[in-house]
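In: Below are the sequence and a predicted model; questions follow.
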Amino acid sequence: MNNAFNRDLALHYLQIGSGHPQATFRNGQEEAIRHVVEGRGRLLVVQSTGWGKSFVYFIATRLLREHGHGPTILFSPLLALMRNQIAAATRMGVKAASINSENSTEWHGIEKQLCRNAIDLLIISPERLSNERFRKRVLANIHKRIGLLVVDEAHCISDWGHDFRPHYRLIERMIPHLPVNLRLLATTATANNRVMDDLRNVLGPELTVARGNLNRPSLTLQSIRLPS
């Protein structure tokens, strides 16, 4: 498979996805996409909210699929976020679907599309890994051909994270059974040193970290002294 990174095509997808024909990559975006597409190892992207972490995995998915790779699996913690991610992926020409507790009537159709390699991006919650039916009917059939595994809101893995989700630890059990050369991308806007240590333990000691400036200029801290 051809894993060469095409910057012009990646930029084109960014402009389509953002709805801005003159959009350019933010600092670190192009490098993150290139890292994933070229298979340079597991990557953790720590960037502020609004930086465009989702563009990294949407664009990487589109490029990898065009190179003949299998579908992307995206772990996402909230149903509302899944719906937004599907809409954003669709704008970029990425065929996305979700298997979740609200769309059980659609599961069979989605599973058939996965078997036909007709879905580019499958979005699930980590709790889905505890479901025996999902493991046997879906994951067992595609795990050897997953093109990219994405862990969004990766701080949820860590009990030091502000939104710890115990089921995120199921990802830790899944990772050893995946191909060693599987592309893996984790993203978060919240990761202190304790969280980073936990993520390295779960995702692998060879994890590359791309960490940007998390300062939010729109937020300020102020202390006010009140009379006693």
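Out: Structure's in. What do you need?

In: what's W107 in contact with, if anything?
Out: Applying CB atoms under 8 Å, 6 or more residues apart in numbering, we find W107 in contact with I99. Bear in mind the C-beta positions are built from the backbone N, C-alpha and C, glycine included.

In: wait, I meant R91
Out: 16-17, 19.

In: among those residues, who's most crowded?
Out: Neighbour counts for those, by other CB atoms under 10 Å, peak at G17, which reaches 22 neighbours.

In: Which strand or helix spans that one?
Out: Secondary structure from DSSP states H and E places G17 in helix 7-18.

In: So in that sheet, which strands flank the longest strand seen in the chain, and in what orientation?
Out: What stands out as the longest strand in the chain, according to DSSP state E, is strand 183-188. The pairing partners recorded for strand 183-188 under DSSP bridges are strand 43-46 (parallel), strand 148-151 (parallel).

In: got JSON lines for the contacts of R91, with distance to F5 and pLDDT too?
Out: Shown next, in JSON lines, are these (distance: CB to CB, whole Å; pLDDT from 0 to 100):
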{"residue": "I16", "distance to F5": "18", "pLDDT": "95"}
{"residue": "G17", "distance to F5": "17", "pLDDT": "93"}
{"residue": "G19", "distance to F5": "23", "pLDDT": "93"}
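
In: Tell me, please, where in this protein the pLDDT is lower than the cut-off.
Out: 160-162, 213-221 (pLDDT under 70).

In: beta partners of the residue nearest the centre of it?
Out: Nearest to the geometric centre of the chain sits V150, at 3.2 Å (CA atoms, centre = their mean). With beta bridges defined as DSSP bridges, V150 has these partners: L74, L185.

In: dump the residue contacts of it.
Out: 57, 72-75, 184-187.

In: try P77
Out: P77 sits next to 125-126, 152-153, 156, 163, 165, 168 when contact means CB under 8 Å, 6+ apart.

In: That one - that's part of a strand, no?
Out: No. Membership of P77 in a strand is not supported by DSSP: H, G, I helix; E, B strand; the rest coil, which gives coil.

In: and the gap between it and I86?
Out: Note on P77: its distance to I86, by CB to CB, to the nearest Å, is 15 Å.

In: ditto for A10
Out: 21 Å.

In: Helices of the protein, start to end?
Out: For the chain, the helices defined by DSSP state H cover 7-18, 29-37, 53-66, 79-91, 107-115, 132-134, 140-142, 170-174, 193-203.

In: how about the fifth one as CSV, C-alpha atoms only?
Out: In this case it means helix 107-115. The C-alpha coordinates for helix 107-115 follow below in CSV (Å, rounded to 0.1, in the frame of the first residue of the first chain):
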residue,chain,number,x,y,z
TRP,A,107,-26.8,-2.4,13.8
HIS,A,108,-27.4,-5.2,11.2
GLY,A,109,-27.1,-2.8,8.3
ILE,A,110,-24.0,-1.2,9.6
GLU,A,111,-22.4,-4.6,10.3
LYS,A,112,-23.1,-5.7,6.7
GLN,A,113,-21.5,-2.5,5.4
LEU,A,114,-18.4,-3.1,7.5
CYS,A,115,-18.1,-6.6,6.1
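
In: So which bits of it are buried?
Out: Judged by neighbour count (16 or more other CB atoms under 10 Å), helix 107-115 contains these buried residues: 107, 110-111, 114.

In: ok, which pair from the residues you listed is furthest apart?
Out: Using CB to CB, the buried residues of helix 107-115 span at most 10.4 Å, a distance reached by W107 and L114.

In: which residues are contacting the helix holding G17?
Out: With CB under 8 Å, 6+ apart as the contact definition, helix 7-18 has outside contacts at 21-25, 29-30, 33-34, 52, 55, 58-59, 62-63, 88, 91-93.
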